[in-house]
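Structure for this input, please:
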Amino acid sequence: MKQRFIGMLIWLANGVLSMLAKLTGRGRSTTTEDLWYTFTNMQILRMNVKNLGYQMARDMLPSLARIETTGEPRVRALVSKPTTQADVESPWFVYWCNELHVAPIYHRKLWEFAFSLQSLFDAGLLREGAKGIGFGCGEEPLASYFAAKEMDVMVTDLAPEKVAGLGWAESGQHAKTIERAFHKHITSREAFDRHVRHAFVDMNNIPEFDEKFDFCWSICALEHLGSISKGLAFIENSLRCLKPGGIAVHTTEYNCLPDGGTIDHWPTVLFQRRHVETLALQLERSGHRMLGPDFDIGSGPIDRYIDMPPYFIDERWLSQSSWGASNQSAHLKLSFDGFPCTCYGLVIRKAGA
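A predicted model of the protein is given here:
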């Protein structure tokens, strides 16, 4: 096996060198110096692309500040859909950013929060006394916002011993205690303590709860369950926590390519249109209903900008009132192992309404 692996590396290296030799047009074999020159300049090219993309997003920020939110929130009847520039430039997106006390920017993570809140508002569930449960909550601000609205929620995450070494705790994406879900700029300590509970839950093995909830949510968590099939199973299983007619809002990583290859059986998997369509049919057979789905990934300049790694993934910047040093995070689309990706929001109504 080791010899086979080394052989594959040599074969790959020879292939790369052969391609570079053809590209040089010098009629000679490519040297190590040629290879180094090519790859160092590729790094510069990547930096240039990233800087131009982020500068474009910064230059467009003033247009977000001019968006009128008078009359918001209002029912928008959002359906299951991917992140788009048009959404970010909509009154509902800016309104929910303001509600979370964070400056609206071109960032798909903010879109996930705004999409979830707008979907719950559309369903009439952003109201005092509504009960919800969140999965894989990390340090996201939604629980604090629900508490500020006198809603009762349970935030859950994987037990700390199962998270070790995965990087979630280090990047602010794991709620090992209830304190991680408290955002003082959104709600008071008293309201938070009164309305928010915490539990450790394995999303691959959701327990039975004594109570049923009006809604459930997860923000870019289900793609980390080990495979596409496990992510889809979680979505269906999450409905067991809900009352008849309850609403599930989940967001996940989405491969913008409608067909062809994707990533499966990996720490992060990428769902495609075919998986969403299959899920919609499966839910329909069980009496549930997925709103939509829509697959338009947008055609604006920010929609067409695909960011490249490294990314700024620490969610703590969401507690800031201004964009500040996190301006490197300006993207709605990004490359994940060479696949163009964005976020996809799912809205599902449980049977029995």
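
Give the other helices and strands that the host helix or strand of Leu61 contacts.
Element membership of Leu61 [criterion: DSSP states H and E] is helix 32-65. In this structure, helix 32-65 packs against helix 2-24, helix 301-304, with contacts taken as 3 or more C-beta pairs under 8 Å, 6 or more residues apart in numbering; DSSP states H and E. (Glycine included, C-beta is placed from N, CA and C.)

Can you list the strands that the following helix or strand past the last one pairs with?
Same thing as helix 301-304. Beyond helix 301-304 in the direction of the C-terminus, DSSP H and E gives the next helix or strand as strand 306-307. Pairing partners of strand 306-307, with direction, according to DSSP bridges: strand 333-336 (parallel).

still on that earlier bit, could you pull up the mean pLDDT of the helix holding Leu61?
Averaged across helix 32-65, pLDDT comes to 80.

so what strands line up beside the helix or strand just after that helix?
As assigned by DSSP H and E, the chain's next helix or strand after helix 32-65 is strand 81-82. Pairing partners of strand 81-82, with direction, according to DSSP bridges: strand 339-349 (antiparallel).

ok, back up a step: please tell me how far the helix holding Leu61 is from the chain's geometric centre.
Relative to the mean C-alpha coordinate of its chain, helix 32-65 is positioned 23 Å out (C-alpha atoms, centre = their mean, to the nearest Å).

swap in stretch 119-135?
Using C-alpha atoms, centre = their mean, we find the averaged C-alpha position of stretch 119-135 to lie 19 Å away from the chain's own average C-alpha position.

How about stretch 298-310?
Put simply, stretch 298-310 sits 15 Å off its chain's centre (C-alpha atoms, centre = their mean).

From the rest of the structure, what touches it?
46, 49-50, 53, 56-57, 60, 82-86, 88, 106, 297, 330-335, 340 (C-beta atoms under 8 Å, 6 or more residues apart in numbering).

Of the residues you listed, just the buried ones, ChimeraX syntax please.
Under the burial definition 16 or more other C-beta atoms under 10 Å, those of the contacts of stretch 298-310 that qualify are selected in ChimeraX by:
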select :50,53,57,60,82,83,84,85,88,106,297,330,331,332,333,334,340
